[in-house]
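S.K.: just a sequence and a predicted model for now, questions to come.
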Amino acid sequence: MLDKQLEKELQRFALEIRIGAVEEFKARGFGHVGGSLSVADALAVLYGAVMKYDPKNPKMEDRDKLVCSKGHAGPSVYAALGLKGFFPYEEIKTLNQPGTNFPSHCDRQKTPGVDMTTGSLGQGTSLAVGMAMGDKLKGRDSRTFLIVGDGESDEGQVWEAAMFTAAKKVTNLVWLIDNNKKQLDGYTKDILDSGDLREKFEAFGFEAVRIDGNDIAQLYDVLTKKAEDKPIAVILDTVKGKGVKEVEETMGNHSMNVPAETYDKWLGELRAELAALA
Amino acid sequence: MKVVYNGEKDRAFKEVLGETIPRLAEEDKDVIYLDADLMGCIGTAKWAAANPDRAINCGIAEANMMGIAAGMSAVGFKPIVHTFGPFASRRCFDQIFLSGAYAGNSVTVIGTDPGVCAAFNGGTHMPFEDMALYRAIPGAYVFDITDAAMLESVLEQCKDMEGIKYIRVGRKNNMKMYEEGMKAEIGKGIVVKEYGTDAVVFACGIMVAMAVEAAEILKKEGIQITVVDMFTVKPLDEELVEKYAKAAGAVVTAENHNKIGGLYSAVTEVLSKKCPTPVEYVAVEDVFGEVGPQDYLEKQFGLTPEHIVEKVKAAIARK
């Protein structure tokens, strides 16, 4: 169980990640706002309390690894890594500027702490399987956490990788499915209905659970649990744009381009919330 | 490099793969072999079953397999991946391009049964475009293998090389060209026959032996040519291409591949810039494959010594 003190710290960290992501979008003027904000809580729990890593040695062999297969959530990953000291925090504000080390989609060759390059949806799944299986074969005590989008799960490769994960018992790989209900063109149920994702993963051979993916305590409980015989899949019931009311209420919030004043308004709300959690 | 060609068939590539992949994995603990349900086709199945930590059968899911291989590279392995050529290229192109090359991972990909070597599996299994696809991946290596000794040498080197390495090779036997234990120098063409400089033929894969046959036919007619084995199609040995193109002034390329994107493209890309020279080609005329015995298909697609002879004469006529 998560103690209240740590819970508050992680809630603060999640808010700081959201603030960081919005600061990045503000600096560039636009970006993948909705899907970055929906995973901020999961990232806060992973980088704040669950994963083993060393910001001074980002390539440490037996570190835990994160593959953000929905690579467009990079801005939140960068904020988390910057806040944890993988690089000077201010650098994240170069998001998508010419020559930046912080591109729209995660790039392991550019950003210290980014464990895998992603962006073409679906591909991070197999990469994560390979990394986890490789670590296991090397005898490392290391877990890989894979964040997959619900819209991303339209891709057949996701299910090839899921089948493989369960069949080969890659139990040091944890699947997190960001079920934020929306993709670029609208609601996932309207674009290509994925049905009950938990049941699907269970049928594939996972220990599949569904939690409130924006709830720090629930995330902590499931992500600190080690898999036994079956790999774990966590369906994160999330809200696209979570944490910024105006974004949550915007239907087309996959990629947004709003004036600086709007970003400032969002940052003001997030900072007020952070201050209230002090 | 000792050329021992005498028109005899070589060891089957399948045997070489079945011996070399397990040997490399046993010699180097970082080597891991992945296949997509085609282990039985290259003689690795028995060893793989006994070594489940060194060989992974991914099932018939090539895109997933390429991603897994790339992920394993990221955590310190040297993956060697095999499936048939079309599935090792077209079927998982975005995965090898992004998860592999773009992400900075290193994977050795073996695509068997290139072009007409797919024979009785027919058009669906007959890649005439695999080299074009792999050539378009920045930094990738592309090899079209000539014989068994070369396959062994290239495989041994590829496992330790960074980046994406695509090896296209048959499963049956080509003509024997080189002495056993030869060292194929990556990125360097091999002069296999040097009768003269009336013309030069740059060939790869199954076409190398045919080019040598063509050289013999032409010699009887008083035309002396040079034959170069361009087994490394990328990066191309530009220096050698330029040297012989300048000396001969007439060039022919020969490949078991579409004329678009393969050896003909690579050679003409170099020559058009460095040394404009008349170039003729023997290659597949931008059509799909079809089913049949390999010798029938070779004739059907013009992949014959006689066609090379014809093209050499055409190139010389353009001098």
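M.R.: Right, received. Where do you want to start? Numbers count the residues shown, from 1 in each chain, chains lettered A, B, ... in the order given.
S.K.: show me which residues of the stretch 101-250 of chain B are close to chain A?
M.R.: Counting by CB under 8 Å from any CB of the partner chain, the stretch 101-250 of chain B comes close to chain A at B:102-104. Where C-beta positions appear, they are placed from N, C-alpha and C, glycine not excepted.
S.K.: now with 6 Å, please.
M.R.: Residues of the stretch 101-250 of chain B lying near chain A by CB under 6 Å from any CB of the partner chain: B:103-104.
S.K.: residue ranges for the helices of the stretch 101-250 of chain B, please.
M.R.: Taking DSSP state H, counting those that start in this stretch as the test, the helices found in the stretch 101-250 of chain B are B:130-135, B:148-158, B:207-220, B:238-248.
S.K.: now do the third one: which elements does it pack against?
M.R.: Under the contact criterion of 3 or more CB pairs under 6 Å, 6 or more residues apart in numbering or on different chains; DSSP states H and E, helix B:207-220 touches strand B:225-229, strand B:251-258, helix B:305-317.
S.K.: report how many residues lie close to the nearest residue to B:K313 once chain neighbours are set aside.
M.R.: Excluding its sequence neighbours, the residue lying closest to B:K313 (CB to CB, 6 or more residues apart in numbering or on different chains) is B:I223, at 7.4 Å. Applying other CB atoms under 10 Å in any protein chain shown, we find 18 residues neighbouring B:I223.
S.K.: and the gap between A:K226 and chain B?
M.R.: 19 Å (CB to the nearest CB, to the nearest Å).
S.K.: report pLDDT for that residue.
M.R.: At A:K226, the predicted lDDT confidence score is 95.
S.K.: highest mean neighbour count out of the helices of the stretch 101-250 of chain B?
M.R.: Highest mean neighbour count of these: helix B:130-135, a mean of 25 (counted as mean count of other CB atoms under 10 Å in any protein chain shown).
S.K.: can you give me the helices for the stretch 151-278 of chain A?
M.R.: So, for the stretch 151-278 of chain A - with DSSP H, counting those that start in this stretch - the helices run A:156-167, A:188-191, A:197-203, A:216-223, A:245-248, A:260-276.
S.K.: closest one to chain B among these?
M.R.: Of all the helices of the stretch 151-278 of chain A, helix A:156-167 sits nearest to chain B, with 3.7 Å by CB to the nearest CB.
S.K.: and the closest one, what's its mean pLDDT?
M.R.: On average, helix A:156-167 scores 98.
S.K.: ok, is that helix in contact with chain B or not?
M.R.: Yes - counting by CB under 6 Å from any CB, chain B has neighbours in helix A:156-167: A:157, A:160-161, A:164.
S.K.: put the alpha carbons of that helix into PDB.
M.R.: Below are the C-alpha coordinates for helix A:156-167, written out as PDB (Å, rounded to 0.1, in the frame of the first residue of the first chain):
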ATOM      1  CA  GLY A 156      -1.900  -5.700 -35.800                       C
ATOM      2  CA  GLN A 157       1.700  -5.700 -34.500                       C
ATOM      3  CA  VAL A 158       0.400  -4.900 -31.000                       C
ATOM      4  CA  TRP A 159      -1.400  -8.200 -31.000                       C
ATOM      5  CA  GLU A 160       1.500 -10.100 -32.400                       C
ATOM      6  CA  ALA A 161       3.600  -8.800 -29.600                       C
ATOM      7  CA  ALA A 162       0.900  -9.500 -27.000                       C
ATOM      8  CA  MET A 163       0.600 -13.100 -28.200                       C
ATOM      9  CA  PHE A 164       4.300 -13.500 -28.000                       C
ATOM     10  CA  THR A 165       4.600 -11.900 -24.600                       C
ATOM     11  CA  ALA A 166       2.200 -14.400 -23.100                       C
ATOM     12  CA  ALA A 167       3.200 -17.400 -25.000                       C
END
